[in-house]
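> Structure here, sequence nowhere to be found:
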């Protein structure tokens, strides 16, 4: 089976979707009976940095992404084969499925923030309001990262359940074996021995102002609450005054794993998520989690996180106080066991099954 795959999210800083594509490609390439992959990137610049796993290939034509999206939002040209070469299945990994000539199309829709929370997404994401309906109409199957997201997408676009498939994301073995930062490494980053951790880009739907307010309130009420550390790229939107929080910026993968493994708790107070990978990664490290009470957080945490209502600062502050007093190792083994069921091999197997269904 020849599969073309949009690898554009591998270029530049890899946020959640970039991590998904990176791990999926590696798992597809190493799964027995997996597809023959051709990676492509829809971009004019930077595409030369794209590489494929051994035995697979890169093929593309340099065309500006915005021009392509403008055409695909209104017409059925150019077909993806003109850019990526012939394939049996083309997997659009990032919301936008180009028209195809002969290939069967599969598209991953990661979330519906561009519809449900328009004030929390970038202008680029708002273009999905035009692009995703056409992509869904072109696709033989729509993939989503979680069952709850699949149900939302099916309901939003009036799709029968058999056209939407959940392919849950995974956690690599490196997360399960991660060790906390050494004293020297913490000193270099400016991180104390005990700390509450937020991981993600600074964008409106992550609700950083709520977290900062809740953390100040919790610290004022109880000095057992550790300092707050913010890890991740700048993001976009109104500038957030981090106050006394410690900002590490974007970290390489191994440093981030060590930072998560050593946290007293990871906090994810988002308004909305399509999956919530940092939550699952923290559980894989055995790290306690405080998160907003979203359907997808309930799904991926399996009862192993302290969930609080979205936007309720007092409830979030109380959860931070609870986490500050809890023993970090209490329940760690159960958290690790739960997260161990989520693997990238499992994601790849589910994705290959979707390709085969689409062809059938």
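Thanks, I have it. Small disclaimer: the values here were computed from a predicted structure and weren't measured.

> what packs against the helix or strand of the chain with the lowest mean pLDDT?
Ranked by mean pLDDT, DSSP states H and E, the weakest helix or strand in the chain is helix 123-126, scoring a mean of 80. In terms of contacts (3 or more Cβ pairs under 8 Å, 6 or more residues apart in numbering; DSSP states H and E), helix 123-126 is packed against helix 113-116. From N, CA and C alone the C-beta is placed, and that goes for glycine too.

> Can you tell me what sits against the helix it packs on?
The contact list for helix 113-116 (Cβ atoms under 8 Å, 6 or more residues apart in numbering) reads 120-121, 125-126, 128-129, 132, 156, 205, 272, 274.

> Can I get the buried part of the residues you listed as one ChimeraX selection?
To isolate the buried members of the contacts of helix 113-116 in ChimeraX, using 16 or more other Cβ atoms under 10 Å:
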select :120,121,125,128,132,205,272,274
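
> care to break the chain down by domain?
As assigned by automatic domain parsing, the chain contains the domains 2-170+343-359, 173-340.

> give me phi/psi at residue 101?
The phi/psi pair for residue 101 (degrees, to the nearest 10) reads phi -90, psi -60.

> mind starting the numbering at 54 from now?
Done: numbering now begins at 54, and the last item shifts to residue 154.

> burial count for the closest residue to it other than its chain neighbours?
Spatial nearest neighbour of residue 154, excluding adjacent residues (Cβ to Cβ, 6 or more residues apart in numbering): residue 132 at 4.1 Å. Residue 132 is flanked by 15 other residues according to other Cβ atoms under 10 Å.

> Same question for residue 245.
Residues contacting residue 245 under the criterion other Cβ under 10 Å number 12.

> Tell me the spacing between residue 371 and residue 388.
21 Å (Cβ to Cβ, to the nearest Å).

> quick one: which of those two has more around it?
More crowded of residue 371 and residue 388, by other Cβ under 10 Å: residue 388, with 23 against 19.

> Now do the same contact list for that one.
Each residue near residue 388 by Cβ under 8 Å, 6+ apart is listed here: 336-337, 339-342, 357.

> Nearest to residue 145 among the residues you listed?
Distance to residue 145, by Cβ to Cβ, is smallest for residue 337 among these, at 28.1 Å.

> Residue 227 is in contact with the closest one, correct?
No: using Cβ atoms under 8 Å, residue 337 is not in contact with residue 227; the gap is 9.3 Å.

> Settle it for me: which of these two has more neighbours?
When neighbours are counted by other Cβ under 10 Å, residue 337 comes out ahead of the other of residue 337 and residue 227, with 27 against 12.

> doesn't residue 206 make contact with residue 214?
No: with contacts counted by Cβ under 8 Å, residue 214 stays clear of residue 206, the gap being 10.5 Å.

> neighbour-wise, which of these two wins?
Applying other Cβ under 10 Å to residue 214 and residue 206 shows that residue 206 carries more neighbours, namely 24 against 10.

> Nearest residue to residue 152 in space, please, no chain neighbours.
residue 129 (4.0 Å).

> ditto for residue 387
residue 357 (6.3 Å).

> Burial check on residue 76, number of neighbours?
For residue 76, the count of nearby residues is 20 (other Cβ under 10 Å).

> just checking, it touches residue 220?
No: if you go by Cβ under 8 Å, residue 76 and residue 220 don't touch, sitting 11.7 Å apart.

> anything in contact with each of those two?
By Cβ under 8 Å, 6+ apart, the residues touching both residue 76 and residue 220 are residue 400.

> just the strands in the stretch 154-303 of the chain please.
Along the stretch 154-303 of the chain, counting by DSSP state E, counting those that start in this stretch, strands occupy 157-161, 194-197, 217-219, 249-252, 281-284, 299-302.

> In three-state terms, how would the residue nearest to residue 193 when sequence neighbours are not counted be classified?
Distances taken as Cβ to Cβ, 6+ apart put residue 411 closest to residue 193, at 3.9 Å, once the chain neighbours are dropped. Here residue 411 is recorded as helix under DSSP: H, G, I helix; E, B strand; the rest coil.

> Identify the residues contacting residue 411.
Residue 411 neighbours (Cβ under 8 Å, 6+ apart): 142, 157-159, 193-194.

> Kindly supply the PyMOL command isolating those of those residues that are buried.
To isolate the buried subset of the contacts of residue 411 in PyMOL, counting by 16+ other Cβ under 10 Å, use the following:
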select buried, resi 142+157+158+159+193+194
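
> can you tell me the helix or strand for the nearest residue to residue 140 once chain neighbours are set aside?
Leaving aside its sequence neighbours, residue 140 sits nearest to residue 57 (Cβ to Cβ, 6+ apart; 3.8 Å). Here residue 57, judged by DSSP states H and E, is contained in strand 55-59.

> Between strand 157-161 and that strand, find me the angle.
Here strand 55-59 points in a direction 40 degrees away from that of strand 157-161 (axes from the mean of the first three to the mean of the last three Cα atoms, to 10 degrees).

> Next secondary structure element downstream of strand 55-59?
helix 69-83.

> Give me the helices and strands touching that following helix, please.
strand 55-59, strand 89-93, helix 330-338, helix 397-412.

> Give me whichever of those is most buried.
helix 330-338 (a mean of 27; mean count of other Cβ atoms under 10 Å).

> I'd like the mean pLDDT over that helix, please.
Summarised as a single mean, pLDDT over helix 330-338 is 97.

> Pull up the distance across stretch 135-146, start to finish.
Start and end residues of stretch 135-146 are separated by 18 Å (Cα to Cα, to the nearest Å).
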